[in-house]
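Participant: Coordinates only, no sequence provided:
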């Protein structure tokens with residue numbers, strides 16, 4: 001039985017930080033923020049809006065008109081930085097949405113969590129015939145973890161806030177196809193929050209800068225990424241695509257990254273500009289990036305029935321991931337989808 005993407009949705013906060021603000025806070029020229037980092041503005045939630053609620057907001061859109069009792073499984077694909085440490089956000093989503101017949105669990109692969117979640121959901125549905133509908137959702141507020149005064153974390157200045165949701169079910173429309181994932185442990189300590197874990201517990205009263213993401217060996221990480229990142233990205237994308245459809249990629253839903261890296265991937269795959277959207281007005285949410293990109297492509301009419309779509313991402317740690325689907329019809333409620341311009 002084919003496992004398909006039935007519905008998708010994103011929830012974006014109204015607040016934002018723009019290139020002028022980031023320039024002021026960081027001391028980096030505004031044109032560098034916009035042209036090199038690719039940040040015209042990025043979405044930011046207020047202090048009272050948290051990851052679990054952002055996931056619920058997105059899930060309500062994806063489940064519009066769907067019987068909540070028909071959901072069999074909830075997979076949290078959002079951030080580990082959420083309302084509380086050591087806390088199951090998927091079970092919170094279950095409660096808030098009244099999904100009483102489902103069970104829930106959280107997964108984490110940094111910004112590759114949505115791709116991993118889709119792979120897991122497809123596998124679970126294939127092996128357990130009782131699981132017919134799966135909700136994948138998550139919220140991100142990693143914009144709170146950015147320290148604009150830390151030059152080692154400049155590649156993280158695009159981190160933003162928002163939520164996404166996807167509903168999978170059995171059917172032949174928008175089938176989920178093959179996936180590919182690579183991890184590389186050489187990067188495991190390159191991007192960390194120094195305080196808050198067992199090595200540097202909060203009870204030790206850490207310094208304020210230790211509560212943000214930082215890169216202890218930025219030079220070493222850049223050198224290793226230069227050798228591996230692009231090749232690993234291309235490897236997972238090509239492997240997922242080639243194992244899925246006997247046709248080239250029609251649309252690449254890619255996470256937000258610096259413009260030169262985005263262009264390098266698109267060019268190496270021999271795609272044109274219309275085959276991938278650069279999200280310089282949104283920032284990098286984490287896992288929801290690919291869902292947002294798909295929604296933007298649907299909103300702009302850039303997809304046609306039978307198109308080969310690949311969702312691709314990378315997460316600190318490092319993980320590179322991609323998964324293919326055949327696009328047959330819209331997954332977003334386009335009347336409810338507002339594009340930022």
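Facilitator: Happy to help now that I have it. Given the structure is predicted, the values throughout are model-derived calculations rather than measurements. Residues are numbered from 1 along each chain as shown.

Participant: from what I can see residue 165 touches residue 61, true?
Facilitator: Yes - the pair residue 165 / residue 61 is scored as a contact, 6.9 Å apart, by C-beta atoms under 8 Å. Every C-beta, even on glycine, is put in place using the N, C-alpha and C of the backbone.

Participant: shared neighbours of those two, which are they?
Facilitator: The contact sets of residue 165 and residue 61 overlap at 9-10 (C-beta atoms under 8 Å, 6 or more residues apart in numbering).

Participant: Please identify which of these two sits among more neighbours.
Facilitator: Relative neighbour count places residue 165 above the other of residue 165 and residue 61, with 31 against 19, counting by other C-beta atoms under 10 Å.

Participant: Any idea what the more buried one is bridged to?
Facilitator: Listed beta-bridge partners, residue 165: residue 9, residue 137 (assigned using DSSP bridges).

Participant: so who does it touch?
Facilitator: Taking C-beta under 8 Å, 6+ apart, one finds 7-10, 55, 58-59, 61-63, 135-137, 291 in contact with residue 165.

Participant: what's the distance between it and residue 117?
Facilitator: 11 Å (C-beta to C-beta, to the nearest Å).

Participant: And residue 178, by the same measure?
Facilitator: 15 Å.

Participant: Show me which of those two is the more surrounded one.
Facilitator: Between residue 178 and residue 117, counted using other C-beta under 10 Å, residue 117 has the larger neighbour count: 26 against 18.

Participant: you'd agree the more buried one is up against residue 136?
Facilitator: Yes - the criterion here is C-beta under 8 Å, and residue 117 meets it with residue 136 at 4.6 Å.

Participant: joint contacts of these two?
Facilitator: Joint contacts of residue 117 and residue 136 (C-beta under 8 Å, 6+ apart) are 75, 77.

Participant: Would you map the strands across the stretch 101-250 of the chain?
Facilitator: For the stretch 101-250 of the chain, applying DSSP state E, counting those that start in this stretch gives strands covering 103-106, 133-141, 161-170, 176-183.

Participant: Look up how far residue 310 lies from residue 42.
Facilitator: 24 Å.

Participant: just residue 14 next, same as before
Facilitator: 31 Å.

Participant: okay, the two: which has more neighbours?
Facilitator: residue 310 (29 against 10).

Participant: my read: the more buried one touches residue 326, true?
Facilitator: No - counting by C-beta under 8 Å, residue 310 stays clear of residue 326, with 10.8 Å between them.

Participant: any idea which of the contacts of residue 165 has the most stuff around it?
Facilitator: Counting neighbours by other C-beta under 10 Å, residue 137 leads these with 36 neighbours.

Participant: Local confidence estimate at that one?
Facilitator: With respect to pLDDT, residue 137 has a value of 98.

Participant: Next: residue 205.
Facilitator: pLDDT, read off for residue 205, is 89.

Participant: what does the one 5 residues further on give?
Facilitator: Reading off the per-residue confidence, residue 210 sits at a pLDDT of 94.

Participant: Next: residue 69.
Facilitator: Per-residue pLDDT puts residue 69 at 98.

Participant: Tell me who's in contact with the residue of the chain positioned farthest from its centre.
Facilitator: No residue in the chain sits farther from the centre than residue 204, which is 32.6 Å out by C-alpha atoms, centre = their mean. Going by C-beta under 8 Å, 6+ apart, residue 204 touches residue 195.

Participant: The one 5 residues further on too?
Facilitator: Applying C-beta under 8 Å, 6+ apart, we find residue 209 in contact with 147, 149-150.

Participant: Repeat that for residue 59.
Facilitator: Residues near residue 59 by C-beta under 8 Å, 6+ apart: 9, 93, 97, 135, 137, 163, 165.

Participant: For the last one, give its distance to residue 267.
Facilitator: Between residue 165 and residue 267 the distance, using C-beta to C-beta, works out to 32 Å.

Participant: Please apply the same query to residue 231.
Facilitator: 14 Å.

Participant: Hmm, residue 18 is touching residue 43, no?
Facilitator: No - Residue 18 lies out of contact with residue 43 (C-beta under 8 Å); the separation is 10.9 Å.

Participant: and the two? which has more neighbours close in?
Facilitator: A direct count of neighbours by other C-beta under 10 Å for residue 18 and residue 43 places residue 43 higher, at 23 against 16.

Participant: Look up which residues are beta-bridged to the more buried one.
Facilitator: In beta-bridge terms (that is, DSSP bridges), residue 43 pairs with residue 16.

Participant: Would you agree it is in contact with residue 12?
Facilitator: Yes - counting by C-beta under 8 Å, residue 12 is a contact partner of residue 43 at 5.0 Å.

Participant: Find the residues that touch each one of the two.
Facilitator: Common neighbours of residue 43 and residue 12 are listed as 162, 282, 340 (criterion: C-beta under 8 Å, 6+ apart).
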